[in-house]
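**Student:** Next come a sequence and a model predicted from it.
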Amino acid sequence: MNIHEFQAKELFADFGVPVSKGVSVKSADQIDNALQQLPAGPVVVKAQIHAGGRGKGTFTDGFKGGVHICDDTKSAAETAKKMLGNTLVTHQTGPEGKVVKTIYLVDVCDIEKEYYLAITLDRASGCPGIIASTEGGVEIETVADESPEKITKVLVDPAQGLQPFHKRQVAFGLGFSDKAQLKQMDALLTGLYQFYWEKDASMVEVNPLVTTPDGNIVALDAKVGFDESAMYRHPDILALRDLDEEDPKEVEAGKHGLSYIALDGNIACLVNGAGLAMATMDIIKHFGGNPANFLDVGGGASEEDVTEAFKIILSDPKVKGILVNIFGGIMSCKVIATGIIAAAQNVEITVPLVVRLEGNEVAEGKKLLDESGLCLISADSLSDAARKVVTEVSNKQA
Amino acid sequence: MSVLVGKETRVVGQGITGNFGSLHANKNIEYGTNYVAAVTPGKGGQQFNGKFPIFNTVHEAVEKEGANTSVIFVPPPFAADGILEAIDAGIELIICITEGIPVKDMAIVKDALKKAPGTRLIGPNCPGIMTPGICNIGIMPGYIARPGKIGVVSRSGTLTYEAMFQVTERGYGQSTCIGIGGDPINGTNHTDALKLFNEDPDTEAIIMIGEIGGTAEEEAAAYAKEFVKKPVAAFIAGTTAPPGRRMGHAGAIVSGGSGTAEAKIAALQAAGIAVSPTPSEIAETLFSIYTP
C-alpha cells in the first residue's frame, strides 16, 4: 500500500525526520490560506499522485510539469489552480494519466548537495537494509549499475534493532565529517528507522536527502510503501489509503478477497493459485496472445468467488476472450464445474470462454460442463487451452 | 527414501482445531501421516477427534508425545509467534502453511532460525511437504503424487501440483515435494532444497519451480552449476508480470529491475538447467534430459 508524498512527510515529521514546511490543499479556495502558512519567498508546487516522474510529466491540457518552483505566492497560487483537477501523465501513470486531487505547497529549500537514502527489506538476509548513496536525485538502480561504489548498504539485525554503529556507517559512507551534521544524521536515521519498523513500512525512500547551505540536513522528497499484511495493526496508516489512486476493478476484487491486477491485453484469465495465475498469463503470451489481467480466485474457487471474478473480468471492455484454468487439488472438479456453470449463468458472458479443468474428479467435472448447455470450449491441457483462447480471439478480430 | 519427512516424522499440529486446519490435518492423517499431538492454547487436555491429545504449548507436545515436526495453520497475526514457540521447543522441522504473515514478524523469525541451527522452517505461505506414500504434511492433494525418484521444489502451490501431476501422469513419481512458499522471507529456499535433493541417494532428478521477485533462483542456479550433477529442470513464472506489482504472492514482485523472470531464466540456463518454456511442459522438459 502506497501513500502520497504529503502524507509521508507528515509521518516523517511525527518521527522527528526533518522536512521542509509544507501544506496540502484539495480545493482552489484553500490555496491562499495554505500559502499564508508558509514562510515568505519561493514555493514549490507539487501535484500529489502515486506515480513517479511527476516533474517531467505533462497534463492532458498541455500544461507541462507536475512540480514547479514559483518565485512568489501569486504564481504559486496560479500554478496550483492549473494543476488541481487536471490529469497528469507521467512514464508511470500510463497514457490515461491520473487526476490530481491534492496539491502540496512546500517552502523552497536551498540545496548544497543531494543524497539518496532508503530503508527496505534485504530479501537475501531477511533483514532491514539501509541503502545510501552520494548520488541524490538519481534513481538508485542507475547508480547501482553505473557507480556501485557510491552506494553504502548496511543491514540491521531485526532483533537488535538500529545501533549507533549502523548510523555511523551510513553517515561516514555518505562522506559526512562535520560533528553537527553527524549528530543530525544520527537523529534522522533513528527517526526514519523507527518509522519503518514501528509502522510496518515495506519501503521508505528519501530521494533526495539534501544538505542546505547553512549545514542542515532535510528530507526533500518522501516515497513510502507499507506491508499490506501488517495493516490490520495500523488503522492510522490504513486511513491514509487513497482509493482514487487504485484501479477500481482491483479495489472491487480486493473486497471479495480476490487478487486481481489489470493488464493491457484482451484475454482475461481466471485461475486458482498465484503461481499458476502468473504462468497462465505467460502461456497466453507464449502462444501469441495478450493477457488482460492477473486473477487468483484462491484455492477453493467457490461459486461466489468465480461469479465475482467473472463480473470483474467482464467490466473490462478490452476483454475479448476468457481462459478459466483451475487445478482442482483438494476440491473436486465437479464442485468447481458447478460453480463455473452457476457463475456463467449469473453473469452474461458474451465472449469466447475456454475452460481447462484438471485434478480431482476431472472427468465428472468436464461432463458437467459439456452437458450444461453453456457455450464454452473445453480444453484438455493448459497448452491446449491457451492455444484455443488465442485462436478464438484472433479469429474474432480478423 | 526421501528428504526431511519420512517414517520417523512425528507431527504436532499448531492451530489444527480450526476449520481449515482440521480439514487438512484429517486428510494428512488419512494419508498415513503420523500426527501425535495438537496445540491450541486454551484447549489443553482435550482430544483431537479422539485420536491424540491437544496441548496448550508446543513444549508439552515435544515432552509428552515426542513431536519432532510441526505444521502451522495459525492465523497470520499469531503465526510468527507459533513458529517462534516451535523453535523454542526444539522442533526440528516446522512447516508453516499460513499466508499473510507480516514481513516484520518473519524478519524476527528468520533471525531466531539463524540462532537455532537444529531447526528448519518450510514456508510460510506454502502448501507443505510430501514424501509420497509415506507422509503428507500440509494441503497438497495426496492423489496427484506417487512414490518415485524426482524431487520437486516450488514457490507456488498450484504450480507444484501441475509439475507433480505431469510426472505422475507419465507413470513416474516423486521422492519428496517441497513447497517453499511465496513470501519474501522464507525458511527454506531453492538452494537448500537443491542441496537436500542432491545429497539424497534416492532422488535421481529435480524439478525446480520459481517465480519473479528476489534472487533465490539465481543463487540456486549458481549452486547447481557447481555442485549438482543430477538432471535439473526448471520453470519460472511471471515473464509477463508488470514491474512494481505484487502478483498475488507477497514475494512475487519485480522491483527496481531486479527479480525478473528473464534474469532468472538466463541464470538457470547458464548453469546448464533445462528451462521449460511453458507450465504445461515441465515434466516433458525434465524427461528430455533425464531417462528414469
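**Tutor:** Sure thing, it's come through.
**Student:** Which helix or strand contains whatever residue of chain A ends up closest to chain B?
**Tutor:** Nearest residue of chain A to chain B, counting by C-beta to the nearest C-beta: A:Gly275, 2.2 Å away. (Each C-beta comes from the backbone N, C-alpha and C, glycine too.) In this structure, A:Gly275 sits in helix A:274-286 according to DSSP states H and E.
**Student:** Tell me the first helix or strand C-terminal of that helix.
**Tutor:** strand A:293-296.
**Student:** Just list what that next one packs against, helices and strands only.
**Tutor:** strand A:259-262, strand A:267-271, helix A:274-286, helix A:303-314 (3 or more C-beta pairs under 8 Å, 6 or more residues apart in numbering or on different chains; DSSP states H and E).
**Student:** one more time with 6 Å
**Tutor:** Taking 3 or more C-beta pairs under 6 Å, 6 or more residues apart in numbering or on different chains; DSSP states H and E as contact, the helices and strands that strand A:293-296 lies on are strand A:259-262, strand A:267-271, helix A:274-286.
**Student:** Can you check which of the ones you listed gets nearest to B:Ala216?
**Tutor:** Nearest of the helices and strands packed on strand A:293-296 to B:Ala216, taken as C-beta to C-beta: helix A:274-286 at 14.0 Å.
**Student:** on contacts alone, who are the packing partners of the closest one?
**Tutor:** strand A:267-271, strand A:293-296, helix B:157-169, strand B:232-237.
**Student:** Need the helices and strands packed on strand A:293-296 in a markdown table (columns: mean neighbour count).
**Tutor:** Shown next, in a markdown table, are those (neighbours: other C-beta atoms under 10 Å in any protein chain shown):
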| stretch | mean neighbour count |
| --- | --- |
| strand A:259-262 | 21 |
| strand A:267-271 | 29 |
| helix A:274-286 | 28 |
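**Student:** Throw those into TSV and include distance to A:Glu304 and mean pLDDT, thanks.
**Tutor:** Putting the helices and strands packed on strand A:293-296 into TSV (distance: least, C-beta to C-beta, whole Å; pLDDT from 0 to 100) gives the following:
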stretch	distance to A:Glu304	mean pLDDT
strand A:259-262	15	94
strand A:267-271	13	95
helix A:274-286	18	96
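**Student:** can you put these in TSV and add distance to A:Cys127?
**Tutor:** TSV is the format used below for the helices and strands packed on strand A:293-296 (distance: least, C-beta to C-beta, whole Å):
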stretch	distance to A:Cys127
strand A:259-262	27
strand A:267-271	34
helix A:274-286	25
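**Student:** Who are the contact partners of A:Val218?
**Tutor:** A:Pro18, A:Ser20, A:Cys109, A:Val210 (C-beta atoms under 6 Å, 6 or more residues apart in numbering or on different chains).
**Student:** burial measure for the nearest residue to it once chain neighbours are set aside, as a count.
**Tutor:** Closest residue in space to A:Val218, ignoring its immediate chain neighbours: A:Pro18 at 5.1 Å, by C-beta to C-beta, 6 or more residues apart in numbering or on different chains. A count of neighbours around A:Pro18, defined by other C-beta atoms under 10 Å in any protein chain shown, yields 17.
**Student:** all strands for chain B, in order.
**Tutor:** Under the criterion DSSP state E, strands of chain B are mapped to B:11-14, B:35-39, B:47-48, B:52-55, B:69-72, B:93-96, B:120-122, B:128-131, B:135-138, B:147-154, B:174-179, B:205-211, B:232-237, B:274-275.
**Student:** of those, which approaches chain A most closely?
**Tutor:** strand B:232-237 (4.1 Å).
**Student:** Would you check how far apart the residue nearest to A:Val218 and A:Leu209 are?
**Tutor:** Separation of A:Pro18 from A:Leu209 (C-beta to C-beta, to the nearest Å): 10 Å.
**Student:** what does B:Val3 give?
**Tutor:** B:Val3 is 48 Å from A:Leu209, by C-beta to C-beta.
**Student:** what's the answer for A:Lys167, then?
**Tutor:** With the distance defined as C-beta to C-beta, A:Lys167 ends up 14 Å from A:Leu209.
**Student:** Can you name the residues that contact A:Ala201?
**Tutor:** Taking C-beta under 6 Å, 6+ apart, one finds A:Val224, A:Phe226 in contact with A:Ala201.
**Student:** rerun that using 7 Å as the cut-off
**Tutor:** A:Phe195, A:Val224, A:Gly225, A:Phe226 (C-beta atoms under 7 Å, 6 or more residues apart in numbering or on different chains).
**Student:** Could you pull up phi and psi at the last one?
**Tutor:** Summarising the backbone geometry of A:Phe226 under the convention degrees, to the nearest 10, its torsions are phi -120, psi 160.
**Student:** Could you give the number of residues near the residue of chain B found nearest chain A?
**Tutor:** Nearest residue of chain B to chain A: B:Ser156, at 2.2 Å (C-beta to the nearest C-beta). Using other C-beta under 10 Å, B:Ser156 is surrounded by 33 other residues.
**Student:** ditto for the one 4 residues further on
**Tutor:** The local packing of B:Thr160 (other C-beta under 10 Å) involves 32 other residues.
**Student:** which residues sit in contact with it?
**Tutor:** Applying C-beta under 7 Å, 6+ apart, the residues near B:Thr160 are B:Pro127, B:Val152, B:Ser154, B:Cys177, B:Gly179, B:Ile209.
**Student:** Tell me how far the first one lies from A:Gly66.
**Tutor:** Applying C-beta to C-beta, one obtains 45 Å for the distance of B:Pro127 from A:Gly66.
**Student:** Please say which of these two ends up with more neighbours.
**Tutor:** For B:Pro127 and A:Gly66, the more surrounded residue by other C-beta under 10 Å is B:Pro127, and the numbers stand at 31 against 27.
**Student:** OK, contacts around the more buried one?
**Tutor:** B:Gly138, B:Ile139, B:Met140, B:Gly157, B:Thr160, B:Gly179.
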